[in-house]
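K.L.:
Based on what follows, work out the 3D shape:
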Amino acid sequence: MRGLGGAVILAQAFQRFVFDLDGVVWRGNDPIAGAPETVRAIRDAGKRVCFVTNNSSETHETYLKKLGDVGAGSSIEEIVSSADATARLLERTIPGIRGRLAYVIGGQGLRDAVVGTGARLASEVEATDASLVVVGWDRDLTYEKLRVATLAIRAGGIFVASNTDATYPTPEGMWPGGGAIVAALRTATGIEPVVAGKPEPILLEVAADRLGGTPALVIGDRVETDVAAAHAVGWPSALVLTGASGVPELAASPHQPDYILGSLGELLEDRPHPFTRPGSGPDLPEIATMLHAGGLMSGAARERLGRTLVAEVDRRPIGTAAWEPLEGSRALLRSVAVHADRRTAGVGTVVVAAALRHAYEHGVRDVWLATETAEAFFAARGFRRVDRDQAPESVLEHPQVQRECSVTAAIMHAVLPG
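P.N.:
Take a look at the predicted model:
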């Protein structure tokens, strides 16, 4: 991570904030604990805020009401959706947009945005003759809509997607998102769409107009869209782990955030935001101290130094994690420890993410670990417990597992995407 590399309250460090909505402020219709209060506190401190979402289905008025209902508050000017980005894209790139016949798969927000460009919405009778097919998230999707859109695209209609998010986070789990609909049409037509929403930069360009200046700290739950979009415009970013992306997805992404937060409320807390880097010889005493304090052994720390990561603040290591290769693309995550006075401050998440990223860069895709006391910590970061008889022998018979873990230790597993 780049970041500020020290202890800081992020809400004080920046003047402008861009908040994603789904998975950051709410999940489905339920507010995420602490998120509305955090938004209010930042606004009350005189900061500029903007809400930016890839969900193009709802109108601005709907988002305004929902933000008010969950206690975050807002104004129309603070709300930007991928429908706004779609409208700007159409006006910027489609010659003669006014009067063009457009077929839209999506909600009212996207339909309003297309009409706002001067395009004419196609009726059912004329839909297959549309010269423009605009697709977003549609909870009323039917096969008939896919059929009509496929015919129009294959006949030469320009294919535009408001966003390509594969999933949508809800309290019951992930639903298919707008990207799933786009993928069906991509498969049926063989045509790649022009995309308006994140990770493309247009959405944040609209947000910059609303904020009255840049840069802003972009806070999102998807590394492949929110963080990537921030990178595209050169803005700092923070990933919250309350939505779509977890630590395994972060490890496999070419886009790394400046900060990792458990939830939005951590913006208000004085927390360390460490740099992560490979361990080196001078780090060994601090690594040993952290391991011993966590009840772990440090005898082979020097031998695995090339696969050891440290998190540091003010040039002092405050967290460590290591990995060891097993057979094939499999590895064991081990020796995860945080300095005693930095526990529960997010350092463990940062250093585990760094270790998984390092392992991923060395071809690892299948990560295992054994833990006596930290099952909840690892479960919250994308690992799942498996029965011991499902674990590979290379894990169960590993010297560290044999030496440091009892037969009741939790065996946990995560797959790194890609």
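
K.L.:
From here on, just use CA atoms for contacts and neighbour counts.
P.N.:
Will do.

K.L.:
Helix or strand: which one has Arg186?
P.N.:
Using DSSP states H and E, Arg186 falls within helix 178-189.

K.L.:
So for that helix, what gets flagged as buried?
P.N.:
Taking 16 or more other CA atoms under 10 Å as the basis for neighbour counts, the residues of helix 178-189 that come out buried are Gly178, Gly179, Ala180, Ile181, Val182, Ala183, Leu185, Arg186, Ala188, Thr189.

K.L.:
which two in those are spaced the farthest apart?
P.N.:
Gly178 and Thr189 (16.8 Å; CA to CA).

K.L.:
what residues does stretch 207-218 touch?
P.N.:
Stretch 207-218 is contacted from outside by 14-20, 48-50, 52, 77-78, 80, 226-227, 230, 234-238, using CA atoms under 8 Å, 6 or more residues apart in numbering.

K.L.:
Among those residues, which lie within strands?
P.N.:
Of the contacts of stretch 207-218, the ones assigned to strands by DSSP state E are Arg16, Phe17, Val18, Phe19, Arg48, Val49, Cys50, Val52, Val80, Ser237, Ala238.

K.L.:
how about these, which pair is most distant?
P.N.:
Taking CA to CA as the measure, the ones in strands among the contacts of stretch 207-218 have their most distant pair in Val80 and Ala238, spaced 18.6 Å apart.

K.L.:
Sticking with the nearest residue to Leu110 once chain neighbours are set aside, tell me its helix or strand.
P.N.:
The shortest distance from Leu110 to any residue that is not its chain neighbour, by CA to CA, 6 or more residues apart in numbering, is 4.9 Å, and that residue is Ala83. Applying DSSP H and E as the criterion places Ala83 in helix 82-93.

K.L.:
circling back to that earlier point, ok, now how distant is the residue nearest to Leu110 from Glu37?
P.N.:
Plainly put, Ala83 is 27 Å away from Glu37 if you go by CA to CA, to the nearest Å.

K.L.:
neighbour-wise, which of the two wins?
P.N.:
Ala83 (33 against 17; other CA atoms under 10 Å).

K.L.:
Tell me who's in contact with the more buried one.
P.N.:
Asn55, Ser56, Ser57, Gly109, Leu110, Ala113, Val114, Ser162.

K.L.:
Specify the local secondary structure of the fourth one.
P.N.:
Taking DSSP: H, G, I helix; E, B strand; the rest coil as the rule, one finds Gly109 in the helix state.

K.L.:
For Asp366, see how far away Ala376 is.
P.N.:
Per CA to CA, Ala376 is found 20 Å from Asp366.

K.L.:
Of the two, which one has the most company?
P.N.:
When neighbours are counted by other CA under 10 Å, Ala376 and Asp366 differ, and Asp366 comes out ahead with 18 against 12.

K.L.:
I'd say the more buried one and Met412 touch.
P.N.:
No - using CA atoms under 8 Å, Asp366 is not in contact with Met412, being 10.9 Å away.

K.L.:
Contacts for stretch 35-51, please.
P.N.:
In contact with stretch 35-51 (CA under 8 Å, 6+ apart) are residues 11, 15-21, 24-26, 70-73, 78-80, 207, 210-211, 263-265, 267-268.

K.L.:
what about 7 Å?
P.N.:
Contacts of stretch 35-51 from elsewhere in the structure, counted by CA atoms under 7 Å, 6 or more residues apart in numbering, are 11, 15-21, 25, 70-72, 78-80, 207, 211, 264-265, 268.

K.L.:
same deal with stretch 86-100?
P.N.:
The contact list for stretch 86-100, computed with CA under 7 Å, 6+ apart, reads Ala113, Val114, Thr117, Gly118, Ala119, Arg120, Ser131, Ser162, Ala196.

K.L.:
Next: stretch 17-32.
P.N.:
When contacts are defined by CA under 7 Å, 6+ apart, stretch 17-32 is touched by residues 35-36, 48-53, 70, 169-171, 216-221, 240, 242-244, 264.

K.L.:
Which of those residues fall within strands?
P.N.:
48-53, 169-170, 217-220, 240.

K.L.:
Just name the closest of the residues you listed to Ile153, please.
P.N.:
Of all those, the one with the least separation from Ile153 (CA to CA) is Thr53, at 26.1 Å.

K.L.:
So for the closest one, what's the pLDDT?
P.N.:
According to the predicted model, the pLDDT of Thr53 comes to 97.

K.L.:
Glu124 too?
P.N.:
Reading off the confidence values, Glu124 has pLDDT 83.

K.L.:
quick one: what helix or strand has it in it?
P.N.:
Glu124 belongs to no helix or strand, assigned by DSSP H and E.

K.L.:
Please tell me how far it sits from Ser263.
P.N.:
Between Glu124 and Ser263 the computed distance is 44 Å (CA to CA).

K.L.:
In terms of neighbours, single out the busier of the two.
P.N.:
Neighbours were counted for Glu124 and for Ser263 using other CA under 10 Å; Ser263 has more, 20 against 10.

K.L.:
Can you tell me the closest non-neighbouring residue to the more buried one?
P.N.:
Per CA to CA, 6+ apart, closest to Ser263 is Val240, 5.2 Å.

K.L.:
Over to Ala188?
P.N.:
Take Ala188 and drop its neighbours on the chain: the residue closest to it by CA to CA, 6+ apart is Thr150, 6.5 Å away.

K.L.:
got it, and Ala311?
P.N.:
Using CA to CA, 6+ apart, the nearest residue to Ala311 is Thr276, at 4.4 Å.

K.L.:
wait, what's in contact with the one you found?
P.N.:
Contact analysis of Thr276 by CA under 7 Å, 6+ apart lists Met1, Leu309, Val310, Ala311, Glu312, Val351, Ala354.

K.L.:
For ChimeraX, write the select line for the buried members of those residues.
P.N.:
Paste this into ChimeraX to select the buried members of these, with burial taken from 16+ other CA under 10 Å:
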select :1,309,310,311,312,351,354
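
K.L.:
which one of the contacts of Thr276 is nearest Glu372?
P.N.:
With CA to CA as the yardstick, the closest approach to Glu372 among the contacts of Thr276 comes from Val351, at 19.1 Å.

K.L.:
check contacts around the closest one.
P.N.:
Contacts here follow CA under 7 Å, 6+ apart; on that basis Val351 touches Thr276, Leu309, Val310, Ala311, Gly319, Thr320, Ala321.

K.L.:
Fine by me, thanks again.
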